[in-house]
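# whatever this is, show me its structure:
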Amino acid sequence: MSDHLDQNNLDQTPFSFTQFRVIKDNEGKPVDFEVLNANTALAQILGLDPQQVIGKRLKEVDPGSAEFQADLVDALTRIALAGGTEMFTQYVNQLKAWFKVSIFTPEKDSIIAFFSDISLSMKQLSDSDVFFNISPNLLSILKMDGRFIKVNHSWQMLLGYAQEDVVNVDILEFVHPENYKETVTIKKQFAENQINNIHFINRFRHKDGSYLYLEWDANSDGQKIYAIARDITERIEWENQIEYLSYHDVLTGLYNRRFLEEEIKRLDTDRNLPISIIMGDINRLKLVNDAFGHDKGDEFIILAAEAIKTSCRLEDLVARWGGDEFIIFLPETNASDAEKIAYRIQANCADKQVNSITVSVSLGIATKTSPDEVMSGIIREAENNMYKAKNMKSERSRNDIINAVINALYQKEPYEEKHAKRVSALCKKTARILGYNEEEVKKLALAGLMHDIGKVAVSVQILKKPSQLTEDEWEEVKKHAEIGYRVVDSLLEMADIGNAILAHHERPDGKGYPRGILRDKIPVSARIIALADSYDTMTGQGLYRKIFSKEEAIAEIRRNAGTQFDPQIAELFIEKVLSTEPASEEME
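Presented below is the predicted three-dimensional model:
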């Protein structure tokens, strides 16, 4: 089509004609529309001189109504993107007139619009006809058999259907399969005059194939059905989300305690006997939270929930009972079958880990076999059995966890293993020189071995960074003392070892971390670890600074005695411990 149509022919038409060129951005999306042609009727109808608008962009043209301009731009954009034809009516308040706008695209990037003044015909319409044409709701008139006679413009705006798409088509063609039977019943009731009005909700198919929730009010005069529908999709989705959240645990997606308590009341019947209950409590959650943070703790909970859920049958109800507790309701399940499910849970947990800590759940089982037994008592019995199982965890189990945490650190930074062992050996030697008994020597050696265990929560990128740490990175490293304290406290419950680890970076001058405590407030064990740690860091293959000779390291300790190190212990460490200590290269 020519960009410049014959102007004489255009001026003879009784309606306003405008041809637009689509203007696109770099991504090919329409952003504006240039007026290529317009006839003289444009001035008569819209009050615009064609010569003043030709060559201008639509957004530069004032059609007498900002709302009219916005609706026209929206319609042109839709046509530019999808093609086809679109029609709408618009009242322009400034001109006190109604216009019918028809838009189509004859070829790519070209759009033609016709503007017809329909003010006279609109005045001749009844109030109800005007309302039908301008209502934002979905208005429709149907035959008594459910076929559409007429729909308003909102059908195209909301559902994508023009008048010709739905006229004489049965409403059942658009209804979601799950609402089909209900709609058939409503149709039959109207056709047989059993009802003359009804309110209902169903899902209605959009032209693009998706479904919207519509809320209908339909009335019949015995000859036709008059219906109004509103889109309530957002409301229904919000209500569904609220309902889901009211019965489900947000973190795991399992049912919550409130839901299961109600379901137990409903399902606690003789027909479901025997009924078994499994109570579960996540082991090591506090350790994971303390060592790796609550995000990892949440991951630990989610993995435990997955292991439990996948181990159960479809008819079983699984709920999160509390922070680290779960409950499983097993209808028609004897104790033996419940034990099989518990075994599957343990097996499924075994291959799930968070930072080398294996997911583990202590389980307790109880079974109701008689109608005379009270379900609350069965739940208490299962809970008691769960706590017995948790308390039966052996010292070896705790040691396994400690070793797992330590090995996780060593895998991240192999240097830490040699460093920890050397610090432990120096602490043991110092403790014996100070006259500690053998139990105290073992504790200090263990504290020395585990003094940097909190670094398991520090990212490997920081631990291995060869250049100087940023301020934020250094702050993350400094957290390892507190994390190590919490890890040891949760596993060993040995306050003296935990306190030694917590304070091993404190200084007599108060410039240490994490608490900045002074002199005698620092535990002696922490002061010893500080010396052993610093000496080995200076003389070992560390990442943060150059390697010192033994003599250089001793000089550095003496220079910082009284500020960084306890002066008395520092001198003893130099004279008694390091006097027989080989050079660092001999220790490797």
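# next up, the contacts around the closest residue to I275 other than its chain neighbours.
With Cβ to Cβ, 6 or more residues apart in numbering as the criterion, I275 has its nearest non-adjacent residue at 4.5 Å, and that residue is K368. (Glycine included, C-beta is placed from N, CA and C.) Residues counted as contacts of K368 (Cβ atoms under 8 Å, 6 or more residues apart in numbering) are D268, L273, P274, I275, S276, I277, M375, I378.
# of these, closest to L251?
Among the contacts of K368, I277 lies closest to L251 (Cβ to Cβ), at 22.2 Å.
# got the CA coordinates for the host helix or strand of I462 in PDB?
I462 belongs to helix 460-463 when assigned by DSSP states H and E. C-alpha atoms of helix 460-463 as PDB (Å, rounded to 0.1, in the frame of the first residue of the first chain):
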ATOM      1  CA  VAL A 460      36.500 -21.300  50.700                       C
ATOM      2  CA  GLN A 461      37.100 -18.300  48.400                       C
ATOM      3  CA  ILE A 462      38.100 -16.200  51.400                       C
ATOM      4  CA  LEU A 463      40.100 -19.000  53.100                       C
END
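# tell me what it is packed against?
When contacts are defined as 3 or more Cβ pairs under 8 Å, 6 or more residues apart in numbering; DSSP states H and E, helix 460-463 packs onto helix 471-478.
# only alpha carbons, please: show the helix or strand just after the helix it packs on as PDB.
Per DSSP H and E, helix 471-478 leads on to helix 480-491 as the next helix or strand towards the C-terminus. What follows is helix 480-491, C-alpha atoms only, in PDB (Å, rounded to 0.1, in the frame of the first residue of the first chain):
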ATOM      1  CA  HIS A 480      34.900 -18.100  63.200                       C
ATOM      2  CA  ALA A 481      35.700 -17.800  66.900                       C
ATOM      3  CA  GLU A 482      32.000 -17.400  67.900                       C
ATOM      4  CA  ILE A 483      30.900 -20.100  65.500                       C
ATOM      5  CA  GLY A 484      33.500 -22.500  66.800                       C
ATOM      6  CA  TYR A 485      32.300 -21.900  70.300                       C
ATOM      7  CA  ARG A 486      28.700 -22.600  69.400                       C
ATOM      8  CA  VAL A 487      29.700 -25.800  67.500                       C
ATOM      9  CA  VAL A 488      31.700 -27.200  70.400                       C
ATOM     10  CA  ASP A 489      29.100 -26.200  72.900                       C
ATOM     11  CA  SER A 490      26.300 -27.900  71.100                       C
ATOM     12  CA  LEU A 491      28.300 -31.100  70.600                       C
END
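# centre of the chain to helix 480-491, how far?
30 Å (Cα atoms, centre = their mean, to the nearest Å).
# what do you get for stretch 146-165?
38 Å.
# same check on stretch 438-454?
Stretch 438-454 has its C-alpha centroid displaced from the chain centroid by 41 Å (Cα atoms, centre = their mean).
# who's in contact with it?
291, 402, 405-406, 409, 416, 419-421, 423-428, 430-432, 436, 479-488, 494, 496-497, 500-501, 504, 525, 528-529, 532-533.
# now do stretch 499-510
Stretch 499-510 has contacts (Cβ under 8 Å, 6+ apart) with 444, 447, 450-451, 453-454, 478, 481-482, 484-485, 488, 512-519, 522-523, 525-526, 529-530, 533, 562-567.
# give me the buried entries from those.
Neighbour-count burial (16 or more other Cβ atoms under 10 Å) is assigned, among the contacts of stretch 499-510, to 444, 447, 450-451, 453-454, 481-482, 484-485, 488, 512-514, 517, 522-523, 525-526, 529-530, 533, 564-566.
# buried ones in stretch 525-543?
For stretch 525-543, the buried set under the neighbour-count rule, 16+ other Cβ under 10 Å, comprises 525-540.
# which of the residues you listed lies closest to N39?
Ranked by distance to N39 (Cβ to Cβ), the buried residues of stretch 525-543 are led by T537 at 88.1 Å.
# send me the helix or strand harbouring that closest one as CSV with only the CA atoms.
Per DSSP H and E, T537 falls inside helix 524-539. Output of helix 524-539 as CSV, limited to C-alpha atoms (Å, rounded to 0.1, in the frame of the first residue of the first chain):
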residue,chain,number,x,y,z
VAL,A,524,44.5,-18.9,80.4
SER,A,525,43.7,-21.7,77.9
ALA,A,526,42.8,-19.1,75.3
ARG,A,527,46.1,-17.1,75.9
ILE,A,528,48.0,-20.3,75.4
ILE,A,529,46.2,-21.1,72.1
ALA,A,530,46.8,-17.5,71.0
LEU,A,531,50.6,-18.0,71.3
ALA,A,532,50.6,-21.4,69.7
ASP,A,533,48.3,-20.3,66.8
SER,A,534,50.4,-17.1,66.1
TYR,A,535,53.7,-18.9,66.3
ASP,A,536,52.6,-21.6,63.9
THR,A,537,50.9,-19.1,61.6
MET,A,538,54.2,-17.1,61.4
THR,A,539,56.4,-20.1,60.8
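# so for it, mean pLDDT?
Mean pLDDT, helix 524-539: 94.
# mind giving me the domain split of this protein?
Split into domains by automatic domain parsing, the chain comes to 7-120, 127-235, 252-393, 399-587.
# quick one: closest of these to Y244.
Per Cβ to Cβ, nearest to Y244 of the domains of the chain: domain 252-393, 9.3 Å.
# quick one: mean pLDDT over that closest one.
Domain 252-393 comes out at a mean pLDDT of 93.
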